[in-house]
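*Asks:* My questions are about this predicted structure, shown below with the sequence.
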Amino acid sequence: MMEPSAVLRVADRVLRHYWYSPPLALWRSIEAAAVTTLDVSSFARPILDLGCGDGAFAQHVFPSAVEVGVDLSARALNRAQDGRMYRAVLMANAGELPFASESMGTVFSNSSLEHMDGIAMVLREVERLLRHGGALVFTVPTEELSSLLFGTTFTQRFGLRRSAKWYAARKNAAKYHTNLHGSDWWQRELGLVGLQVKSVIGYLGPSAVRLWDLLDVANVGIGRCHVSGLVRRLSQSFVNGSSSYAVTRFVATSLRPLVHSEIALMLENGAAGSPYVAMGAALIVAVKP
């Protein structure tokens, strides 16, 4: 496991990167810390980043370029290619990947599998691609997320259980959470395709999930344009360097205490011999024997 100081440094970098979207900064910084605890420099090569997006997350987590990034968004892949985090990027369906069997040492997927239809097919494809001894390393929100949301806990406090269920369902639909399950479900499904779960680390505790939900509500869409994207584009056009730095510093400084306390809790729960603690999201490592 990486030194806690190194894990915190990664989280702080990610906080600053996503300054334009506080809910994303909160989630991604804790998520990056979770992944960093695994010492990504030891991941077997070649690495396939499944659902790579624009490559920003990988850029903060991996010490060197990843061999392949795959996504369905042409716009995200163009940005990933510009960032030079991947030696190659490819638009492809996760259930039908154009790579040879047993050609990958690691398949990495960050907050992507929860959005994928036909997850059984995707997992079978991952197993096909992995060499023996290779690993699938992925992060996903868990079924616990729904019960930890601010909107859910707030309405339940007044005994409004149906409203709480409605709120959680709307949130998950908006985020396209089609695979929101616990670690037992993932262990069973991975086992069915021949992958063995090696470790599970929970992250995003109740305080982090509640604040993320509140910030996300404030980050509502305007038509088809999200506030975070609008803020980012406007800042690129009108905000000078010093002002942008001030905003970045404000977002990072405001969220850092909670992020650091969440990381400390995650490291405590993830210590050797500690039982798995269900939280809003999980980092799962599964190997191909």
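*Replies:* Arrived safely.

*Asks:* and residue 87, that one's in a helix?
*Replies:* No - using DSSP: H, G, I helix; E, B strand; the rest coil, the secondary structure at residue 87 is strand, not a helix.

*Asks:* Any stretches of this structure with poor pLDDT?
*Replies:* 1, 219-248, 271-275 (pLDDT under 70).

*Asks:* if we go to 90?
*Replies:* Scanning the chain for pLDDT under 90 picks out 1-4, 19-22, 39, 83-84, 215-253, 265-278.

*Asks:* longest helix of it?
*Replies:* When the chain is parsed with DSSP state H, its longest helix is helix 241-269.

*Asks:* Give the buried residues for that one.
*Replies:* Under the neighbour-count criterion of 16 or more other C-beta atoms under 10 Å, helix 241-269 has 248, 251-252, 255-256, 258-260, 262-263, 265-267, 269 buried. For every residue, glycine as well, the C-beta is placed using N, CA and C.

*Asks:* Go through the residues you listed and say which is closest to residue 140.
*Replies:* The shortest approach to residue 140 among the buried residues of helix 241-269 belongs to residue 266, at 15.1 Å (C-beta to C-beta).

*Asks:* Quick check: that closest one touching residue 200?
*Replies:* No - assessed by C-beta atoms under 8 Å, residue 266 is found out of contact with residue 200, at 11.8 Å.

*Asks:* where's residue 74 relative to residue 98, distance?
*Replies:* 16 Å (C-beta to C-beta, to the nearest Å).

*Asks:* same question, residue 38
*Replies:* 28 Å.

*Asks:* These two: who's more crowded?
*Replies:* Each of residue 38 and residue 98 has its neighbours counted (other C-beta atoms under 10 Å); residue 38 has more, 19 against 8.

*Asks:* And the more buried one, its phi and psi?
*Replies:* phi -80, psi -10 (degrees, to the nearest 10).

*Asks:* just checking, it touches residue 270?
*Replies:* No - counting by C-beta under 8 Å, residue 38 stays clear of residue 270, with 9.8 Å between them.
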